[in-house]
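*Asks:* Need a 3D model of the following:
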Amino acid sequence: MEAIFEIRVTPKSSRRSVSVDADGNVRVCLNSPPADGKANAECIELLSKKIGVAKSYISIRKGEKGRNKTICVSGMTVEAVMEKIMG
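*Replies:* Below you'll find the predicted structure:
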């Protein structure tokens, strides 16, 4: 079982957050700059805390060098992940 969903990342933000906008899109704001994989590492760390799973269960399937990313969470459904992000 895998949850695969799209996110939009905002690097170099003043605050760290994971939220869902009015259109249902997942937005992740990060402090790290998009250099040397720092933003990707922070993104996975922040998502793991928000969802409540180990970082090893989360991977970036597509978009490692862009703002739009496809995330995969092992062992959870998309519905369960969205419930954790919204709640």
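
*Asks:* can you list contacts of stretch 32-44?
*Replies:* Contact with stretch 32-44 is made by 7, 9, 11-12, 16, 28, 30-31, 55, 58-60, 64, 69, as judged by Cβ atoms under 8 Å, 6 or more residues apart in numbering. For glycine as for every other residue, the C-beta is placed from the backbone atoms N, C-alpha and C.

*Asks:* Just the buried subset of the residues you listed, written out for PyMOL, thanks.
*Replies:* Selecting only the buried entries of the contacts of stretch 32-44 in PyMOL, with 16 or more other Cβ atoms under 10 Å as the criterion:
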select buried, resi 7+9+11+28+30+58+60+69
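
*Asks:* Can you lay out the contacts of stretch 32-44 as JSON lines showing secondary structure?
*Replies:* Formatted as JSON lines, the contacts of stretch 32-44 follow (DSSP: H, G, I helix; E, B strand; the rest coil):
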{"residue": "I7", "secondary structure": "strand"}
{"residue": "V9", "secondary structure": "strand"}
{"residue": "P11", "secondary structure": "coil"}
{"residue": "K12", "secondary structure": "coil"}
{"residue": "R16", "secondary structure": "coil"}
{"residue": "V28", "secondary structure": "strand"}
{"residue": "L30", "secondary structure": "coil"}
{"residue": "N31", "secondary structure": "coil"}
{"residue": "K55", "secondary structure": "helix"}
{"residue": "I58", "secondary structure": "strand"}
{"residue": "S59", "secondary structure": "strand"}
{"residue": "I60", "secondary structure": "strand"}
{"residue": "E64", "secondary structure": "coil"}
{"residue": "K69", "secondary structure": "strand"}
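
*Asks:* can you redo the contacts of stretch 32-44 as TSV with pLDDT and distance to C43?
*Replies:* Shown next, in TSV, are these (pLDDT from 0 to 100; distance: Cβ to Cβ, whole Å):
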residue	pLDDT	distance to C43
I7	98	8
V9	97	6
P11	96	9
K12	96	13
R16	97	10
V28	98	6
L30	97	6
N31	97	11
K55	98	10
I58	98	9
S59	98	11
I60	98	8
E64	95	10
K69	98	7
